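[1] all I have is the shape, not the residue letters:
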């Protein structure tokens, strides 16, 4: 599914209209906690980011995913300290997306599907022409965890469980 172009003027978008799958929506939710950590370190939102990832994907997938999201957010924040994001504790965060968030998620969306030209365009807009290698590397690393538009690795509402194997 092709993502529609973003509107001009910094208008927030409806999350449902962007065509992101459940993995991408989950990654956005986790990323917001890490952006908040950079904007307001005293709130220590990174702890909630890890907790949300573990709740969503279980400890085996959630912890390394949250770590990869934190690396991407750090790379983006290093290039764009003015990155606009919704406070993850705010009510609008569930349904609304800033243009910056939409562009970052568009980048991940295309990277997951190996759509290089579209991913490259999204990186260029996200970094304002910088094509930062740290953003690209962090995005590709995160995308590889859930590549190809593969749905979440859990079955119909069941959480992953650890098993003892002998």
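    Sure thing, it's come through. Just so it is clear, the model here is predicted, and its values are computed rather than measured.
[2] rest of the way, CA atoms for contacts and neighbours
    Will do.
[3] tell me the buried residues in the longest helix along the chain?
    When the chain is parsed with DSSP state H, its longest helix is helix 46-79. The neighbour-count check on helix 46-79 (16 or more other Cα atoms under 10 Å) flags 46, 48-54, 56-59, 61-79 as buried.
[4] that helix packs against which elements?
    On a contact count with 3 or more Cα pairs under 8 Å, 6 or more residues apart in numbering; DSSP states H and E, helix 46-79 meets helix 22-39, helix 133-145.
[5] buried deepest among the ones you listed, which one?
    helix 22-39 (a mean of 21; mean count of other Cα atoms under 10 Å).
[6] which strands and helices lie in contact with that one?
    helix 46-79, helix 99-112.
[7] related to what we said a few turns ago, from the contact counts, what lies against whatever helix or strand comes next after the longest helix of the chain?
    Of the helices and strands lying after helix 46-79 in sequence (DSSP states H and E), the nearest is strand 96-97. Contact analysis of strand 96-97 by 3+ Cα pairs under 8 Å, 6+ apart lists strand 13-14 as its packing neighbours.
[8] try 10 Å
    Using 3 or more Cα pairs under 10 Å, 6 or more residues apart in numbering; DSSP states H and E, the elements in contact with strand 96-97 are strand 13-14, helix 99-112.
[9] show me the shaky parts of this protein.
    Along the chain, the parts satisfying pLDDT under 70 run over 1-10, 148-166.
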